[in-house]
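Q: whatever this is, show me its structure:
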Amino acid sequence: CDLCTKYTSLIERYINVISKCLRDSSELIRLQTLIMLLHLLLQDYLKWKGPLFFRVLVLLTDESSNVRKIAEYCLLNVCRLRNNSMFFLHFVETIFCLNDYSNHPQYNHFNQTPKDSALFSLRGPENKRSRLKIYRLLLQNMSDEQKFQLSAKLCQDILRSAVDGVLPVKEAEAVLQDTLEILVSKDIKLMSLLKAQQVDAESGPADTIIAEAKGKLLSKVMKKNTIENIVP
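A: Residues are numbered from 1 along each chain as shown. The predicted structure follows:
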């Protein structure tokens, strides 16, 4: 860590090698590597470039509770607080990275070997629950505006790519399944709409009228998004 702070210009070159230790068989090595990376990120000696963000995401499903807790702290209290759009901006690519799928023209094209990519992969039905856990945490820490934009982006960049033949349906089956599960999940629903429904059930007549108006407006916007982005 001291070498990294002294020779800052060199760290970016070796960060892929260093971060591979996050998947070491030793819990101690994984933990120490993550703490070192967290320290460098906090001190601005390191940026969230390349596959680093996605490699830390995978640690949310680590077998060690200590590693999982620090990884979550790193994402929520360092990454998200410094850039509250980070989860939104990287969400679509997260689906491709976790499924270790790189045949899309835009996503998951990092400077890493197939072996390194597979090391941080959560592909396959046996890892589906782990992938959904990661998606859930990202969605739960997005604003309504980001969730709304994400719904459209998932439809345009993934579902439409499959319809247009850019994304082979059979080959990218896991990516498509994850996308559909995300689109129907409760975590991507707008909090404003859920709160409006809650107010409608618990409040007086005046609050109920306001909540109904908000609910109707949000429903219209969501219907328009569905018609323009999902149905085609």
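Q: please make it C-alpha for all contacts and neighbour counts, starting now.
A: Will do.
Q: surely Thr94 touches Phe53?
A: No. Look at Thr94 against Phe53 with CA atoms under 8 Å: they stay out of range, at 9.1 Å.
Q: of these two, who's got more company?
A: Taking Thr94 and Phe53 together and counting by other CA atoms under 10 Å, Thr94 has the greater number of neighbours (24 against 17).
Q: measure Ser102 to Ser117 for me?
A: According to CA to CA, to the nearest Å, Ser102 stands 10 Å off from Ser117.
Q: who has more neighbours out of those two?
A: A direct count of neighbours by other CA under 10 Å for Ser102 and Ser117 places Ser117 higher, at 21 against 17.
Q: what strand or helix carries that one?
A: helix 114-119 (DSSP states H and E).
Q: then Gln177?
A: With DSSP H and E as the test, Gln177 turns up in helix 173-183.
Q: contacts for that helix, please.
A: When contacts are taken as CA atoms under 8 Å, 6 or more residues apart in numbering, the neighbours of helix 173-183 outside the stretch itself are 95-96, 99, 101, 123-124, 132, 135, 151, 154, 158-159, 169, 188.
Q: nearest to Leu28, of the residues you listed?
A: Distance ranking of those against Leu28, using CA to CA, places Arg123 first at 25.1 Å.
Q: quick check, pLDDT for the closest one.
A: pLDDT recorded at Arg123 is 95.
Q: what's the closest non-adjacent residue to it?
A: Of all residues not flanking Arg123 in the chain, Asn99 sits nearest, at 4.2 Å (CA to CA, 6 or more residues apart in numbering).
Q: okay, now Ile29: neighbour count?
A: By the measure other CA under 10 Å, the count of residues near Ile29 is 14.
Q: for the chain, give me the ranges with low pLDDT.
A: Screening the chain residue by residue with the criterion pLDDT under 70, one finds the ranges 1-12, 192-232.
Q: residue closest to the middle of it?
A: In the chain, the C-alpha nearest the mean C-alpha coordinate belongs to Phe91, at 3.8 Å (CA atoms, centre = their mean).
Q: that residue and Ile35, how far apart?
A: Taking CA to CA as the measure, Phe91 and Ile35 are separated by 24 Å.
Q: and Ala152, by the same measure?
A: 36 Å.
Q: remind me which helix or strand Thr33 belongs to.
A: Using DSSP H and E, Thr33 sits in helix 27-42.
Q: so how many other residues sit close to Arg68?
A: 19.
Q: do the one 5 residues further on as well
A: Summarising burial for Tyr73: neighbours were counted as other CA under 10 Å, giving 14.
Q: contacting residues for the residue nearest to the centre of the chain?
A: Phe91 is in contact with 135, 138, counting by CA under 8 Å, 6+ apart.
Q: again with Ser117
A: Listed by CA under 8 Å, 6+ apart, the contact set of Ser117 reads 97, 100.
Q: now find how far off-centre the host helix or strand of Phe91 is within its chain.
A: In this structure, Phe91 is located in helix 86-98 according to DSSP H and E. A distance of 4 Å separates the centroid of the chain from that of helix 86-98, by CA atoms, centre = their mean, to the nearest Å.
Q: can you give me the buried ones in that helix?
A: Within helix 86-98, the residues that count as buried by 16 or more other CA atoms under 10 Å are 86-88, 91-98.
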